[in-house]
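Peer 1: return atomic coordinates for the entry below.
(4 chains)
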Number of protein chains: 2
Amino acid sequence: MLNHRRFPSLSSIRAFEAAARLGSFAKAAEELDTTAASVSYHVRRLEEQIGVRLFLRHAQRVELTESGELVAREAINAFATLRACFIKAADMDEGRLSLTTLPTLGTSWLTPKLGKFRTKHPEIVIDLDLSPDAQDLSSGRFDVAIRNGHGRWPGLRAIEMFPSIFMPLCAPALKDAAAGIADPRRQLDVPLLGRSDWWMRWYRALGFSDVVLPGSFGTHLSAEYLDIAAAVAGHGIAIGSPILFRNELETGRLVPAHDFVAGDGRSFWFTFPIARQNSSKIVKFRDWLSSEVERDRDAARSFIRRAAMVES
Amino acid sequence: MLNHRRFPSLSSIRAFEAAARLGSFAKAAEELDTTAASVSYHVRRLEEQIGVRLFLRHAQRVELTESGELVAREAINAFATLRACFIKAADMDEGRLSLTTLPTLGTSWLTPKLGKFRTKHPEIVIDLDLSPDAQDLSSGRFDVAIRNGHGRWPGLRAIEMFPSIFMPLCAPALKDAAAGIADPRRQLDVPLLGRSDWWMRWYRALGFSDVVLPGSFGTHLSAEYLDIAAAVAGHGIAIGSPILFRNELETGRLVPAHDFVAGDGRSFWFTFPIARQNSSKIVKFRDWLSSEVERDRDAARSFIRRAAMVES
DNA sequence: GTTGAGCATAAGTTTGGCTTAGCCTGCGGG
DNA sequence: CCCGCAGGCTAAGCCAAACTTATGCTCAAC
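Peer 2: The predicted structure is shown next:
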């Protein structure tokens, strides 16, 4: 008799379902890619577990009992439902790509381009998360990430986009006031904005090893885009990437305050779990992103070429 | 990505279903009577197989993703359907007892009593099959059988009902004409009806070893009840069981043509698969049958006591 | 700060389920 | 009529999936 607490073996149910649907153990075995012996065994097992005879065995064929018919109807239905919902879930999942990236890159570089992706792949919605610290891709909250670092993350595939480089940028009106920027001992009339560690690196790349920067930087790391906005507004000289802020440079809202470009040896990487490298939405985004990166890297190649790397 | 041909592992689906329904891997593990590690493993596996993240892992809890919610709804539903239909099938099965027996016993002895069983257990429908040869109980076509034999059938439990005995029976009007029945050399005015092998045994039990019976018995084995009907109609002397035809004897429609009773050493047995001895419908029928047998055996005890057994 | 709940991961072990091999039965064609 | 074949059953042995054990980690509660 049926023990109401315990569920019968699922393999047995599957075997029964196929046998009932196809009306033959042999055909079921073929569909399940196994042997008739296995199907026979499982059907018998199921019958023992629920205490009900499901098939009548005749010499060359099997026939469902009345109870068998009932169970078959429901089981076939249940399996079809499951099959369908996995496919549906996969489709739904394919239609939403969730991406986490650094606020600066997201705000200044990525967001303006996303419209083009949407036009090219209208079936995919991008779900963008901007957070300063690297989110764990293995948690599944995000499909892909754009990260800054050295490109080695266990379990993740990392595709290099462009190097992390920076140079002093200012509004054209401040260009003259910034003339002495290359000498850290001179006191400028305009404040320096942006990440102090980058300023240090930039000066070190110029040959000044123990620069003491004026205080009042007043910014968080990773909020450079706010400082860039301030620089555009003429409030000082910011340090930032000529690649990320190519648009500001090309439109003349910013100009280099000095031509020297430094880098920290790190890069921006497009990353995703190796296990998901064949996911079609990831492939689509990756391909699109690569072409965008290609164009930008090309446009910024002079900056990249002359960047002086400073190891930490 | 989901391979549309192959179904994901069912154990994984079950683990996921329980986890989704209970909102916790630990609770799911408890319900499935396994460990949290197993549930965790299976959910991860399912996600890999269908290529869709179903749960978001947080430190102390898990949360369904959007796709997870969809799959969960369907899976919970599918499992509930399955669970329900097995129970329903068991119930349906419990409500119908199918019994195969010999035509004589079924017609003359069992059928008149079945009304009482129906009254006592209105929830069980008896599905009666009368066939001269023993049906295979292991095929599942029948739940129980009443058989004639020596009580040893592999895999079957056999409960003895009463011995297979027989004596000459005739209509009261023929009693005088049957006076010389005990001497096979005398030619009677009335024909002998019924199984010739039983007549032979009966005479052998009386001490006549090589009896030559008159021809024209014109009956099949196992169709004694037809001959008994003929005897009731006064067409001859039949040989049959005083237990099975107790009713005819008690109402006076038949009388013993001679008081000698023979047996063949066999009995009628109530049998069913050992594996099913706890099936409640079988227990109910068995208990009812036993009480009926008890009463009949009691009423027929004088016939049974004096039956002379003749080994084949 | 300590404890406990909840999930993940690794490694070792068991057992369910598969395969192989052989048998039986009935059908159909030579 | 007989033999081959199709379809199902059973037994025995093997293997990988799935389970257990053990440990670690994180957060929440006291």
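
Peer 1: what comes up buried for the longest helix seen in chain A?
Peer 2: Ranked by residue count, the top helix of chain A under DSSP state H comes out as helix A:66-94. Buried residues in helix A:66-94, counted by 16 or more other CB atoms under 10 Å in any protein chain shown: A:67-68, A:70-72, A:74-75, A:78-79, A:81-83, A:85-86, A:89-90, A:92-94. For glycine as for every other residue, the C-beta is placed from the backbone atoms N, C-alpha and C.

Peer 1: try stretch A:34-45
Peer 2: Quick answer for stretch A:34-45 (16+ other CB under 10 Å): A:39, A:40, A:42, A:43, A:44, A:45.

Peer 1: so does it get close to DNA strand C?
Peer 2: Yes. Residues of stretch A:34-45 contacting DNA strand C under CB under 7 Å from any atom of the strand: A:34, A:35, A:37, A:38, A:41, A:42, A:45.

Peer 1: so which of those sit within helices?
Peer 2: A:37, A:38, A:41, A:42, A:45.

Peer 1: next, give phi and psi for the most far-flung residue of chain A relative to its centre.
Peer 2: Seen from the C-alpha centroid of chain A, the residue lying at the greatest distance (CA atoms, centre = their mean) is residue A:59, 58.4 Å away. With angles defined as degrees, to the nearest 10, residue A:59 sits at phi -60, psi -50.

Peer 1: ok, it to residue A:39 distance?
Peer 2: 17 Å (CB to CB, to the nearest Å).

Peer 1: partner strands of the longest strand belonging to chain A and their direction?
Peer 2: Criterion DSSP state E: the longest strand present in chain A is strand A:156-170. If you go by DSSP bridges, strand A:156-170 pairs up with strand A:237-240 (antiparallel), strand A:255-256 (antiparallel), strand A:262-273 (antiparallel).

Peer 1: hmm, it in reach of DNA strand C?
Peer 2: No. Using CB under 7 Å from any atom of the strand, strand A:156-170 stays clear of DNA strand C, coming no nearer than 13.0 Å.

Peer 1: return the residues of chain A in contact with DNA strand C.
Peer 2: Counting by CB under 7 Å from any atom of the strand, the residues of chain A that sit close to DNA strand C are A:9-12, A:15, A:32-35, A:37-38, A:41-42, A:45, A:59-60, A:138.

Peer 1: okay, now whatever residue of the stretch 151-300 of chain A ends up closest to DNA strand D: neighbour count?
Peer 2: DNA strand D sits closest to residue A:154 of the stretch 151-300 of chain A, with a gap of 14.7 Å, by CB to the nearest atom of the strand. Residue A:154 has 6 neighbours, counted by other CB atoms under 10 Å in any protein chain shown.

Peer 1: which pLDDT value belongs to it?
Peer 2: For residue A:154, the pLDDT comes out at 71.

Peer 1: distance check, it against chain B.
Peer 2: For residue A:154, the distance to chain B equals 17 Å [CB to the nearest CB, to the nearest Å].

Peer 1: cool, residue A:79 as well?
Peer 2: 8 Å.

Peer 1: then residue A:155?
Peer 2: From residue A:155 over to chain B the distance is 13 Å, taken as CB to the nearest CB.

Peer 1: OK, contacts around that residue?
Peer 2: Taking CB atoms under 8 Å, 6 or more residues apart in numbering or on different chains as the criterion, residue A:155 is in contact with A:137, A:138, A:273, A:274, A:275.

Peer 1: Three-state assignment for residue A:212, please.
Peer 2: coil (DSSP: H, G, I helix; E, B strand; the rest coil).

Peer 1: now for the closest residue in space to it that isn't next to it in sequence: which residues touch it?
Peer 2: Nearest residue to residue A:212, sequence neighbours excluded (CB to CB, 6 or more residues apart in numbering or on different chains): residue A:184, at 7.8 Å. By CB under 8 Å, 6+ apart, the contact list for residue A:184 reads A:203, A:208, A:211, A:212, A:213.

Peer 1: need the buried ones from those residues selected in ChimeraX.
Peer 2: Per 16+ other CB under 10 Å, the buried members of those correspond to this ChimeraX selection:
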select /A:203
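
Peer 1: quick one: which of the contacts of residue A:184 is nearest residue A:193?
Peer 2: residue A:213 (11.2 Å; CB to CB).
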